[in-house]
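Asker: sequence unavailable; structure follows:
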């Protein structure tokens, strides 16, 4: 339990502010070690929105995350309520009973400072960095599939009476500023001229112009935007890309759920799936040609299948273990004699999530190449021609996922298409250049 | 404005309670006439949940509706929060700017008493009574189609930034007890043995037993139940059957939105559509055979088409007039060159609503025949054999709508099927009886 401490009006913390704040909490002081003046404190945030401090003492370490009152990546000219820390903590609280050690342990939420003190994850690194570095993580895809299955199943109407979900929806309805970011930056801005957009120019100018004039693509994106706002299937993380996962060779943790809201399960699935695809298309710039490149790309494609399989199997296992919710009530489809209907319900439910996953994955890929916030998988490629080639492949794949979903009945169909689409995109580019 | 008046703790009003309550509000007193002791007050509620008083004075009249703390149709053994009056008033407030005189004017909401004082509608009657009486209402279908189009469009993400909808969702998330009634009585109980169910017995025993063992039907109902809880497309009335519409030959009003919640637009469409179908199947018992029966039934079938057409055209006209919302953003699909994508978006959106309408219509038909709350279109048929014959036709139609939706690409397909299904159902029954 925290010591009594002075009321702390909101202020942006620096290292000394972090020190005195943590020192005022007995449990945190004892976790870190008795001499606060000897704690090592450094700010390590590399995201778009927050300060992140790592604090190391003689006994242990903690991570402190503070929400800033503006978008860090844009500066104070783009104000943003720090309330998102409240929703991040609320999300962690809601899923913690279900996802076990797939999230960090939360030690304290301080509402006045909009900050969360949590387990310091070490020697974990951000998954995105690991993928750029060519690391393989044997449990990653299984863990994240399991994570999405558990977090979404248990917050859906399958697992609990709908009243719980309505209470949750009322609470997370307050996370409007973050949902606004998603709506604008994922589903709107990338498909029109906007000052917040950028892309690798001039190399991608033609492709981006074509994208913004592509009626079927814009229609498909608008359809996904409708789903995003209208399918309240579960409490979703809302930003489950490879920058929101920390890994070691044997441990996986999901962080940064400040975009949490009630939405489509496929949105979280698609975020992870789409970022694996982005990584695949970027690898040509990060791996040595030949065996190294091919081997690592094969590993990534394998993760697509493992991820979906892990999600699929765990979700259905939870469903089979019994639903106490109002959706697809066990009272109707549970009794003997309903095997065919029960199987059909599961089959069509999973097929719908699969379709949503691919559509949202594509939206997430597109926004990272032609929208406001990009990914370092691609941004870190210094040669603009090479970067544009990687991006062109990813954009072509995203377009096919969005506008020709009937091509993809299984993950294998995606896996088969990925290299084909790259070849076609590269050949288009050399034809265009010649 | 109301006079200052004493705080009024909740109590169930009787005629004298109504008199003193209304007399304490200057505007209502002046609306009714100066001598409260001469006001005529009678309780006329025939619904399942509330007291309804008509108060007539020398100058005018009002209607006062008070929510009871239990389900009126079941008695105090089924408690029910009177908070629903709050949501009824909130719904009226939300749609009033958009639906004009298609709802009664609201004079006062008294939160302590959970009562609403509103325009007394006269000489209106409940539409259901009019349909049983064989009345034709030339504007009815157009008006209700227009009503659903306006109420749903303007509370959807097409018309306004999504933040408005999230605020509304947070508010209406509190209407859980009424949503609970819908979930249980529409999507669950009818499809299983439940003490709250009843049906015309023994005449329908076999059909009802078959219904509760019908896997594809239960799967389809569960699918609609999922949509009910997971598609937050608009603020919907939630109980838009022919008992929630009051009519004269030239005026149409929607009442009783206490089941309001954010849900599928097709739920309101289906409630009205399904209750027209229930009326059609009941008419054999209410009209003289021959021209009278055939003529009135043709009129009802025509209303199905007019209703959908009115909804469809108005909704698209509102959409064409410009969306200021985040869904299908005008910024993407609006500019010249996007005609095909824009047309496709509208076409698939309306097709999806049409499918939902038929599915929800079927669920509403089934629950009124084999569930807890029945409709007097059928209940008022004294001859149980005749009633069961009507009900069997309606159940067969509902089953086809739910389990064979691919048969129905247009309202005309429904209109064509309705008499065919009746003939088949009647012939099944005579075959079974012989």
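Answerer: Now that the structure is in, tell me what you want to look at. Given the structure is predicted, the values throughout are model-derived calculations rather than measurements.
Asker: neighbours around residue A:340, how many?
Answerer: Residue A:340 has 12 neighbouring residues, counting by other Cβ atoms under 10 Å in any protein chain shown. Backbone N, C-alpha and C define where each C-beta goes, glycine included.
Asker: quick check: it touching residue B:218?
Answerer: No - with contacts counted by Cβ atoms under 8 Å, residue A:340 stays clear of residue B:218, the gap being 10.7 Å.
Asker: quick one, strands of the stretch 201-350 of chain A?
Answerer: A:234-236, A:245-247, A:252-254, A:261-263 (DSSP state E, counting those that start in this stretch).
Asker: out of everything not next to it in sequence, what's closest to the residue of the stretch 151-300 of chain A found nearest chain B?
Answerer: Across the stretch 151-300 of chain A, no residue is closer to chain B than residue A:215, which sits at 3.4 Å (Cβ to the nearest Cβ). Excluding its sequence neighbours, the residue lying closest to residue A:215 (Cβ to Cβ, 6 or more residues apart in numbering or on different chains) is residue B:341, at 3.4 Å.
Asker: residues in contact with that neighbour?
Answerer: A:215-216, A:218-219, B:333 (Cβ atoms under 8 Å, 6 or more residues apart in numbering or on different chains).
Asker: in helices, which of these appear?
Answerer: The helices, defined by DSSP state H, take in A:215-216, A:218-219, B:333 from these.
Asker: would you mind checking these for buried ones?
Answerer: A:215, A:218-219, B:333 (16 or more other Cβ atoms under 10 Å in any protein chain shown).
Asker: can you give me the offset of stretch A:375-383 from its chain's centre?
Answerer: 19 Å (Cα atoms, centre = their mean, to the nearest Å).
Asker: pull out the buried residues from that stretch.
Answerer: Going by 16+ other Cβ under 10 Å, stretch A:375-383 has these buried residues: A:375, A:377-378, A:381.
Asker: now the end-to-end length of that stretch.
Answerer: By Cα to Cα, to the nearest Å, the extent of stretch A:375-383 from end to end equals 15 Å.
Asker: how about stretch A:32-52?
Answerer: Using Cα to Cα, the end-to-end distance of stretch A:32-52 comes to 17 Å.
Asker: how about stretch A:185-193?
Answerer: First residue to last in stretch A:185-193 (Cα to Cα) measures 12 Å.
Asker: any idea how far residue A:234 is from residue A:154?
Answerer: 8 Å (Cβ to Cβ, to the nearest Å).
Asker: okay, those two: which has more neighbours?
Answerer: Shown here are residue A:154 and residue A:234; by other Cβ under 10 Å, residue A:234 has more neighbours (25 against 20).
Asker: quickly list what the more buried one is bridged to.
Answerer: Listed by DSSP bridges, the beta-bridge partners for residue A:234 are residue A:263.
Asker: show me the contacts for residue A:293.
Answerer: Counted by Cβ under 8 Å, 6+ apart, residue A:293 has contacts A:283-284, A:287.
Asker: ok, residue A:373 next?
Answerer: A:48, A:73, A:185, A:367.
Asker: just give the number of residues close to the first one.
Answerer: Just to be clear, that refers to residue A:48. Residue A:48 - counted by other Cβ under 10 Å - has 17 other residues nearby.
Asker: and it, what element?
Answerer: According to DSSP states H and E, residue A:48 maps onto no helix or strand at all.
Asker: for residue B:30, which of the strands of the stretch 201-350 of chain A is the nearest?
Answerer: strand A:261-263 (47.0 Å; Cβ to Cβ).
Asker: what residues sit buried inside stretch A:186-206?
Answerer: Those would be A:186-191, A:194, A:197, A:199-200, A:203-204, for stretch A:186-206 by 16+ other Cβ under 10 Å.
Asker: residue A:234 against residue A:149, yeah?
Answerer: No - the pair residue A:234 / residue A:149 is not scored as a contact, 10.3 Å apart, by Cβ under 8 Å.
Asker: circling back: next, give me the two most distant ones among the buried residues of stretch A:186-206.
Answerer: Longest span within these, Cβ to Cβ: A:187 and A:203, 25.1 Å.
Asker: any idea of the mean pLDDT in stretch A:19-29?
Answerer: The average pLDDT within stretch A:19-29 is 96.
Asker: ugh, wrong one, stretch A:295-304
Answerer: 98.
Asker: buried residues in that stretch, which are they?
Answerer: A:296-297, A:299-301, A:303-304.
Asker: ok, now stretch A:78-98?
Answerer: Buried-residue list, stretch A:78-98, by 16+ other Cβ under 10 Å: A:80-92, A:94-96, A:98.
Asker: run through the helices of the stretch 151-300 of chain A in chain order.
Answerer: Listed in chain order, the helices of the stretch 151-300 of chain A (DSSP state H, counting those that start in this stretch) span A:162-172, A:176-182, A:205-212, A:215-230, A:265-282, A:291-320.
Asker: and the shortest one, what other elements does it pack with?
Answerer: In this case it means helix A:176-182. Packing partners of helix A:176-182 (3 or more Cβ pairs under 8 Å, 6 or more residues apart in numbering or on different chains; DSSP states H and E): helix A:84-99, helix B:162-172.
Asker: quick check: chain neighbours aside, which residue is closest to residue A:9?
Answerer: residue A:112 (6.2 Å).
Asker: what number of residues lie near that neighbour?
Answerer: With other Cβ under 10 Å as criterion, residue A:112 counts 10.
Asker: that one reaches residue A:11, doesn't it?
Answerer: No - with contact defined as Cβ under 8 Å, residue A:112 does not reach residue A:11; the gap is 9.2 Å.
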